[in-house]
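Asker: fold the following, please.
(one chain, ligands or ions: 1)
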Amino acid sequence: MSHTVTLQPFGVSFDCAEGETILSAALRNGISLRYGCKHGNCGSCKAQIAEGEVDQAHASEVALMQFERNQGLALLCAAVPEEDIVIELADDYTEEELSSAPPIGDYKARVVAVEALTHDIMRLELKLQQPDFMRFNAGQFVEINVPGTDAWRAFSMANPPSEPDRVVLMIKLLPGGAVSGYLRERARPGDPLNVRGPYGQFSVAPGVAPIIMVAGGSGMAPILSMLNELAEQRTTRPIRFYFGARALRDLFLTEEIAALGRRLPDFRYVPALSAPEPGDRWDGETGLITEVLQRHSGNLRGSEAYLCGPTPMIDAAVEVLKAKGMFSTRIRFDKFVSTAG
Ligand SMILES: Cc1cc2nc3c(=O)[nH]c(=O)nc-3n(C[C@H](O)[C@H](O)[C@H](O)COP(=O)(O)OP(=O)(O)OC[C@H]3O[C@@H](n4cnc5c(N)ncnc54)[C@H](O)[C@@H]3O)c2cc1C
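Answerer: Coordinates of the predicted model:
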């Protein structure tokens, strides 16, 4: 039996099918609630249930603690209504935001290229076939179906929205990972792949504020999409891009980023190695990327930041940025938490 979900204070309602999460039902109905990982792990979709019971057995104990559950909070990506539900949205939601996301769809795609960017990051290029283009915002992600299974995994677009017929992904190979295994062992040009999306709300806010970008590893992907779009828009905003890698063998696309820099009038790329290997010839920055950010930047009041990569890097970067005067509302991030499950 389906249940009705009502979003207050706007009185917007939609139907949630039996067993469906509130977030899936909202997105299916074209309603853009805030969220991050879609898998109960990051906490971005936390909201107050004002009326009705939900089942959220799949929400992580860390992303939603017991005392929060007792206060009636829920992770909308994991919460399945048991009856009609009323949600009291955060004060800063607007009705316009609820209708702002590009449409989400199911796509059939083919693999065009699979190639190594580093020893453990692969580039996967897909050509969309049916439908043959996807409207998305720089910073958004898609989910791909692991061939031969019913598992789906999230990966951010590295190409800009001006290339709507293809999807370029940068994928970190994980030991025992489902997508990782496919890429290592079986992926070939011509393979069919099911893709769905676009998802996510990580995107560059319009304006003129100076921009700080911080990425680690495959967190490069959405940042590259954003940088390409900013270059296409001929932005004059000052941009500083801090990229953290362990050793020289973990740096990639250095030439491409230098070329982007030539299209941006006030751009600086600051790569840093946290654990250079013996024999690495490197006279650039060393240390954790957050330490480099701490050393390099002055007062950041009035600037804004876009962060992407592992959770500990993002959490540390947020603290550095706030200590340098950046308002937390001007810090946007995408945590690459696990989407297994
Ligand atoms: C919004 C979003 C966007 C993302 N974009 C990207 C992207 O562009 N590129 C990219 O490489 N990854 C990205 N990720 C992370 C990616 O979705 C997961 O890491 C994915 O599950 C890996 O797939 P897999 O099938 O290879 O490994 P899985 O089969 O999912 O996992 C294998 C093992 O690794 C662990 N694991 C999974 N993910 C992580 C992780 N991130 N960190 C540490 N351990 C992990 C699992 O718990 C499991 O033990 C994104 C995640 C989110 C939420």
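
Asker: list phi and psi for the closest residue to the ligand within the chain.
Answerer: When C-beta to the nearest ligand atom is the measure, the chain has its nearest residue to the ligand at residue 177, with 2.5 Å between them. (C-beta placed from N, C-alpha, C; glycine too.) The main-chain torsion angles of residue 177 are listed as degrees, to the nearest 10 and equal phi -70, psi 140.

Asker: residues near it, how many?
Answerer: By other C-beta atoms under 10 Å, the residues close to residue 177 number 17.

Asker: so how far is residue 170 from it?
Answerer: For residue 177, the distance to residue 170 under the criterion C-beta to C-beta, to the nearest Å works out to 14 Å.

Asker: now do residue 75
Answerer: Noted for residue 75: a distance of 27 Å to residue 170, by C-beta to C-beta.

Asker: now the helix or strand of the chain with the lowest mean pLDDT: buried residues?
Answerer: Taking all helices and strands of the chain together, the one with the lowest average confidence (mean pLDDT, DSSP states H and E) is helix 95-98, at a mean of 88. With burial defined by 16 or more other C-beta atoms under 10 Å, the residues of helix 95-98 counted as buried are residue 98.

Asker: got the CA positions of that helix in PDB?
Answerer: Presented in PDB, the C-alpha positions along helix 95-98 are these (Å, rounded to 0.1, in the frame of the first residue of the first chain):
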ATOM      1  CA  GLU A  95       9.900  26.100  -2.800                       C
ATOM      2  CA  GLU A  96      12.100  27.000  -5.800                       C
ATOM      3  CA  GLU A  97      14.800  24.600  -4.600                       C
ATOM      4  CA  LEU A  98      12.300  21.700  -4.400                       C
END
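
Asker: tell me where the stretch 51-200 of the chain has helices.
Answerer: In the stretch 51-200 of the chain, the segments counted as helices under DSSP state H, counting those that start in this stretch are 66-70, 95-98, 178-185.

Asker: now find how far off-centre the last one is within its chain.
Answerer: I take that to be helix 178-185. Helix 178-185 sits 21 Å away from the centroid of its parent chain (C-alpha atoms, centre = their mean, to the nearest Å).

Asker: farthest residue from the center of the chain?
Answerer: No residue in the chain has its C-alpha farther from the mean C-alpha position than residue 279, which lies at 34.3 Å (C-alpha atoms, centre = their mean).

Asker: contacting residues around that one?
Answerer: Not one residue lies near residue 279 by C-beta atoms under 8 Å, 6 or more residues apart in numbering.

Asker: is it part of a helix or strand, or is it coil?
Answerer: Taken by DSSP: H, G, I helix; E, B strand; the rest coil, the conformation at residue 279 corresponds to coil.

Asker: against residue 116, how distant is it?
Answerer: When C-beta to C-beta is applied, the distance between residue 279 and residue 116 equals 20 Å.

Asker: that older thread, out of the helices of the stretch 51-200 of the chain, deepest packed?
Answerer: By mean neighbour count, with neighbours taken as mean count of other C-beta atoms under 10 Å, helix 178-185 ranks first of the helices of the stretch 51-200 of the chain at a mean of 17.

Asker: average model confidence for it?
Answerer: When pLDDT is averaged over helix 178-185, the result is 95.

Asker: which bits of the stretch 1-150 of the chain sit near the ligand?
Answerer: Neighbours of the ligand within the stretch 1-150 of the chain, by C-beta under 6 Å from any ligand atom: 37, 141.

Asker: the strands in the stretch 1-150 of the chain, which residues?
Answerer: Assigned by DSSP state E, counting those that start in this stretch, the strands in the stretch 1-150 of the chain fall at 3-8, 12-16, 46-51, 54-55, 73-75, 80-81, 85-88, 105-116, 121-130, 141-145.

Asker: residue 305 is nearest to which of the ones you listed?
Answerer: strand 141-145 (18.9 Å; C-beta to C-beta).

Asker: in the closest one, what counts as buried?
Answerer: With burial defined by 16+ other C-beta under 10 Å, the residues of strand 141-145 counted as buried are 141-145.

Asker: contact partners for the residue nearest to residue 27 when sequence neighbours are not counted?
Answerer: The shortest distance from residue 27 to any non-neighbouring residue, by C-beta to C-beta, 6 or more residues apart in numbering, is to residue 104 (5.4 Å). By C-beta under 8 Å, 6+ apart, the contact list for residue 104 reads 27-28, 196-199.

Asker: quick one: which of the residues you listed is the most crowded by neighbours?
Answerer: Counting neighbours by other C-beta under 10 Å, residue 198 comes out on top of the contacts of residue 104 with 24 neighbours.

Asker: per-domain residue ranges of this protein.
Answerer: With domains defined by automatic domain parsing, the chain comprises 3-98, 105-199, 211-336.

Asker: for residue 205, which of the ones you listed is the nearest?
Answerer: By C-beta to C-beta (comparing all of those), the closest turns out to be domain 211-336, at 6.5 Å.

Asker: and that closest one, average pLDDT?
Answerer: On average, the pLDDT along domain 211-336 is 96.

Asker: close to the ligand, is that domain?
Answerer: Yes - Domain 211-336 comes into contact with the ligand (C-beta under 6 Å from any ligand atom), by way of 218, 221, 334, 336.

Asker: check which helix or strand covers the second one.
Answerer: In this assignment (DSSP states H and E), residue 221 forms part of helix 220-232.
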